[in-house]
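J.: what's the 3D shape of this:
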Amino acid sequence: MSRRLDDLSEDFRPKAVEFLARLTEAGILVMIVDTLRTEAEHAANLAAGTSWIARSKHLDGRLRGLPQSGSDAMDVCPFDVWSLHGPDKLQWNAADPVWQAIGAVAKSLSRIRWGGDFKPPAKPDLGHIELLRV
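T.: Numbering: from 1, shown residues only. Okay, the predicted model is just below:
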C-alpha cells in the first residue's frame, strides 16, 4: 500500500494537493493513510471488510479499464489521531467534528467526492476522497 502522491493519477494529483493545502489552511493536519493499492492488498481489504467495492479507485487506473495509470482515491486521517494511536491503532471517532470539516473541504472542490457521503451498498468512509471522472 502506498501513501505517495506520485502514485495518484495525473488527473487526481492536482486535486489531492489542493485538498491537502486547503486542509492545512484550515488548520486541519492530516496523515495520508493510503493512495495506491495492489490487487493483492485490495483483495485482503475486501476479505477483511475494510473495502467493499471490487473496482476500488485506489487500484491503478489501468486495472480499472482507464488509459492512464495511478490511483483516483486517497485516504487521510487527522494527524492528532495518528500520532496518538499509531498506524495500526487508528481510532476513527465518527462523532469528532474534524471529520465534517474534512468533508466540507472535500466537497468545496470540483470533481471530488467525499466518502462520508457514500450510500449503500458502500459504507460512509470519512477519510476518503476520490476523483469523479467526467
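J.: quick check: next helix or strand after the helix or strand of the chain with the lowest mean pLDDT?
T.: Among the helical and strand segments of the chain, the one scoring lowest on mean pLDDT, DSSP states H and E is helix 79-85, with a mean of 66. Using DSSP states H and E, the helix or strand that follows helix 79-85 in sequence is helix 98-107.
J.: the helix or strand just after that following helix pairs with which strands, and in what direction?
T.: Sequence order places strand 112-114 as the next helix or strand after helix 98-107, per DSSP H and E. Sheet pairing for strand 112-114, assigned by DSSP bridges, gives strand 128-131 (antiparallel).
J.: quick one: distance of the strand it pairs with to the chain centre.
T.: Taking CA atoms, centre = their mean, to the nearest Å, one finds the center of strand 128-131 at 5 Å from the center of the full chain.
J.: over to stretch 3-19?
T.: 11 Å.
J.: now do stretch 56-70
T.: Averaging C-alpha positions (CA atoms, centre = their mean) puts stretch 56-70 15 Å from its chain's average.
J.: just for this protein, where's the confidence low?
T.: Within the chain, the ranges that satisfy pLDDT under 70 run 81-92.
J.: ok, longest helix in it?
T.: If you go by DSSP state H, the chain has its longest helix at helix 13-25.
J.: what's the angle between it and helix 98-107?
T.: 140 degrees (axes from the mean of the first three to the mean of the last three CA atoms, to 10 degrees).
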